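Novice: okay, structure incoming, though there's no sequence with it:
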C-alpha cells in the first residue's frame with residue numbers, strides 16, 4: 001500500500017471506495033452503522049438488490065439474508081451478529097503507525113529484448129517519465145523515437161521505488177557501469193526479481209493485462225510516497241545466531257519479499273522492501289519480530305469486543321460464533337461476491353478484515369478461542385505466497401494439537417480456499433464450530449507473544465476436560481525442553497552463554513546447569529554450540545507449573561586447585577581435558593599435566609620454582625641464568 005505523503009492511512013481506510021467505512025470508524029457515526037443494519041433487512045427481500053458499492057459496505061458489516069432458506073430461524077442470531085458489529089464500530093480508531101517514505105523523480109529503466117513489446121510499452125510514457133532502455137536482445141537494437149537505448153548485459157538490479165541501482169556491462173566496452181533509477185519496467189519473459197512480492201516500483205510485464213496496468217500506474221508514481229512500517233524488531237531476544245552458530249532462520253526463510261537478511265547475530269529488515277504480510281511475526285518463536293498493523297493488542301480488543309457482544313445478544317443460544325479473517329484485496333473481493341450471491345454469509349460468521357492473513361499467528365488464533373469463538377477461519381483467496389499458506393496451516397495444526405489434548409473436541413481452525421476461483425457460501429456454511437471454553441477470558445491480548453500464549457493456555461487449563469502433564473509437539477514448535485546427556489556434558493556452560501532467551505543458566509558459585517522451560521524457544525543454538533554434542537531438543541508444551549520453575553539439568557563435583565584449593569572447574573571437565581592432552585608433546589615430562597589442575601596463580605608459581613623449566617621468553621631455565 002502506497003499513498004501520497006500527507007494522507008493518513010488507517011487499517012480500514014486502504015481504498016477510496018471504502019471512505020464511508022473509514023468515516024464510520026474514525027468519527028464513530030453509529031447512526032450510519034444503524035443505516036447499514038436497516039439496509040441488511042431490506043436486502044433480505046427479493047425486490048431489493050443492492051449495487052456493488054452497497055454490497056461492499058453490507059459485507060463489511062457481516063451481511064446475512066435472514067429470509068433465505070439457507071438461514072432458517074436465524075433472526076435472533078442476525079440481531080446478535082449486528083450487535084457484535086455495532087460494538088466493533090464503537091471502538092476508537094487504531095493509533096497511526098510509523099511510516100516509511102519513498103521519493104521518486106520519474107527516472108524509468110526499461111529492460112527489453114523484443115522490439116515489438118518495447119515500442120508498445122514506451123507509447124505514452126515519454127511525456128511524463130525520463131526513460132532509458134537497456135537492450136539485452138539481439139543486435140542491432142531497435143530505434144524508438146528519441147528514447148536512449150543502451151545495449152549491454154544486466155549484471156544486478158537492486159533497490160526499490162526511488163532507489164533502484166542497475167549494474168550492467170556495455171557490449172562495446174565490456175566494463176561494468178552503475179546507474180540509478182526510480183522505476184523499472186521489465187519486458188523480458190523471466191522477471192529479474194524472482195520473489196513472490198517484488199519491490200515497489202518494479203513492474204514485470206509478462207502479458208497484455210500487466211502491460212496495461214503498468215502503463216496506467218507508472219505516470220502516477222512520481223513524487224513522495226509513504227506506507228506503514230508494518231513490523232517492529234527487538235534484537236535482544238532474537239534467536240537467529242550466536243558466535244557464528246545459526247539458530248532460528250524462520251523469518252528469513254518465509255519472507256516473500258526478500259526483505260529480511262542475516263546481519264551477524266541478528267537479522268536486518270529493509271522496511272522499504274517489506275510488504276506487510278506479517279508472516280515473520282507469525283513464525284517468530286521468541287516474539288522478537290512483531291506485527292504493527294494492527295498490534296496484537298488492538299486485534300485482541302477487536303476480537304474480545306466482537307465475541308462478547310455476540311454472546312450477550314445471543315443469550316448463550318446456538319453454536320459458538322465463527323471468526324472469519326480475510327485480506328484487503330482478493331479476500332475482500334471474495335467477500336463482496338459472497339454478499340452478492342443472494343444468500344450472504346452464514347449468520348454465525350463474524351468477518352474481520354486484516355491487511356494480510358499471514359499475520360494471523362498462534363497468539364491470535366488461540367486468543368479468539370479463549371474469547372469464546374468456536375472456530376477461526378482464514379480465507380486464502382490466492383494472492384498469498386505458498387510459504388504463507390504452509391505457515392498458517394502449521395499454526396492451525398499446532399493450535400488444534402493443544403486444544404484436542406486438553407479435551408476441546410471438534411475443528412477449531414480452517415483455511416478457506418477458492419474452488420475454480422470462487423469461494424462459495426456453501427463452503428463457509430459447512431464450517432462447524434468446535435468446542436470452546438464455557439467462560440470467555442477476561443484478560444487482554446498483549447504485544448508480548450509468549451506472554452499472551454501463556455495467559456491463553458492457562459485459561460484453557462482452568463476449563464480443560466483433561467489435564468495432561470505435557471503435550472508432545474511437532475519439530476519446529478516454539479515450546480519445548482532440552483535433553484542433556486550427563487555422561488557427555490562437561491559443564492563448560494557454552495550452551496548457557498549461547499542461549500538468547502535465558503532459558504539455560506549456570507548455577508553461579510555452584511557447578512550446575514539450570515533450565516527454565518517457559519523461556520525456551522527451541523531455536524537449537526544450545527544444541528549446535530555444545531562441543532560434546534550432549535544436547536538434543538524435545539518439543540513439547542509442559543502443562544504444569546514446572547515450566548515456570550528452574551530445574552537442574554546437570555550438576556558436577558567441583559574441582560579445586562591441587563595447590564591452593566581455589567575452585568577451578570568441575571572434576572568431569574578437568575578429567576576430560578587431562579585425557580585429551582595426556583599424549584600431547586607439550587605436556588610430556590614431570591609435573592606438566594599437574595599444572596592443568598592448578599589455578600592460574602599457582603601455575604605461574606610452580607613454573608618459576610622449577611629449576612629445569614624452559615622459558616619461551618628468554619630461552620633459558622631459571623636455574624641456568
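Specialist: Arrived safely. A quick note: this is a predicted structure, and the numbers were derived from the prediction, not measured.
Novice: what ranges do the strands span in the stretch 501-625 of the chain?
Specialist: 504-506, 512-516, 535-538, 540-542, 550-555, 558-560, 567-570 (DSSP state E, counting those that start in this stretch).
Novice: can you list the ones you listed in JSON lines and add mean pLDDT and distance to residue 481?
Specialist: All C-beta atoms are positioned from the backbone trio N, CA, C, and that covers glycine. Shown next, in JSON lines, are the strands of the stretch 501-625 of the chain (pLDDT from 0 to 100; distance: least, CB to CB, whole Å):
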{"stretch": "strand 504-506", "mean pLDDT": "95", "distance to residue 481": "11"}
{"stretch": "strand 512-516", "mean pLDDT": "96", "distance to residue 481": "7"}
{"stretch": "strand 535-538", "mean pLDDT": "98", "distance to residue 481": "5"}
{"stretch": "strand 540-542", "mean pLDDT": "98", "distance to residue 481": "6"}
{"stretch": "strand 550-555", "mean pLDDT": "95", "distance to residue 481": "9"}
{"stretch": "strand 558-560", "mean pLDDT": "81", "distance to residue 481": "26"}
{"stretch": "strand 567-570", "mean pLDDT": "75", "distance to residue 481": "23"}
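Novice: for residue 320, find the nearest of those strands.
Specialist: strand 540-542 (23.5 Å; CB to CB).
Novice: in CSV, list the strands of the stretch 501-625 of the chain along with mean neighbour count and distance to residue 252.
Specialist: Converted to CSV, these look like this (neighbours: other CB atoms under 10 Å; distance: least, CB to CB, whole Å):
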stretch, mean neighbour count, distance to residue 252
strand 504-506, 19, 24
strand 512-516, 20, 27
strand 535-538, 18, 20
strand 540-542, 20, 26
strand 550-555, 15, 30
strand 558-560, 16, 42
strand 567-570, 18, 37
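Novice: TSV for these, including distance to residue 243?
Specialist: Listed next are the strands of the stretch 501-625 of the chain as TSV, based on distance: least, CB to CB, whole Å:
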stretch	distance to residue 243
strand 504-506	14
strand 512-516	18
strand 535-538	15
strand 540-542	27
strand 550-555	21
strand 558-560	26
strand 567-570	21
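Novice: do you know which of those lies nearest residue 485?
Specialist: Of those, nearest to residue 485 by CB to CB is strand 535-538, at 7.7 Å.
Novice: so what strands line up beside the closest one?
Specialist: In the sheet, strand 535-538 lines up against strand 481-484 (antiparallel) (DSSP bridges).
Novice: show me the contacts for residue 348.
Specialist: Listed by CB atoms under 8 Å, 6 or more residues apart in numbering, the contact partners of residue 348 are 77, 81, 318-322, 433.
Novice: host element of residue 459?
Specialist: helix 449-462 (DSSP states H and E).
Novice: list the buried residues in that helix.
Specialist: Buried residues in helix 449-462, counted by 16 or more other CB atoms under 10 Å: 449-450, 452-453, 455-457, 459-460.
Novice: what's the closest of these to residue 387?
Specialist: Closest to residue 387, out of all of those and judged by CB to CB, is residue 449, at 19.7 Å.
Novice: wait, doesn't the closest one sit right on residue 363?
Specialist: Yes. At 5.3 Å, residue 449 and residue 363 qualify as touching, with contact defined as CB atoms under 8 Å.
Novice: identify the contacts common to these two.
Specialist: With CB under 8 Å, 6+ apart, residue 449 and residue 363 have common neighbours residue 296.
Novice: that older thread, looking at the strands of the stretch 501-625 of the chain, which is nearest to residue 127?
Specialist: Using CB to CB, the strands of the stretch 501-625 of the chain put strand 535-538 closest to residue 127, at 61.4 Å.
Novice: ok, and what's touching that closest one?
Specialist: 475, 480-485, 489, 495, 522, 524, 526-527.
Novice: ok now it, how far from the chain's centre?
Specialist: Distance of strand 535-538 from the chain centroid (CA atoms, centre = their mean, to the nearest Å) equals 25 Å.
Novice: show me the contact partners of the helix holding residue 459.
Specialist: Contacts of helix 449-462 (CB under 8 Å, 6+ apart): 281, 284, 286-287, 290, 296, 300, 361-363, 366-367, 370, 402-403, 406, 408, 437, 441, 443, 445-446, 467, 478, 518, 521, 541, 543.
Novice: at 7 Å instead, please
Specialist: 287, 290, 296, 362-363, 366-367, 370, 406, 437, 441, 443, 445-446, 467, 518, 543 (CB atoms under 7 Å, 6 or more residues apart in numbering).
Novice: and for stretch 553-568?
Specialist: 484, 486, 489, 491, 511-515, 569-572, 574, 594, 597-599, 602.
Novice: does residue 268 touch residue 261 like I think?
Specialist: Yes. Here residue 268 lies in contact with residue 261, judged by CB atoms under 7 Å, at a distance of 5.4 Å.
Novice: now the buried members of the contacts of residue 348.
Specialist: Buried subset of these (neighbour count, 16+ other CB under 10 Å): 77, 81, 318, 320-322, 433.
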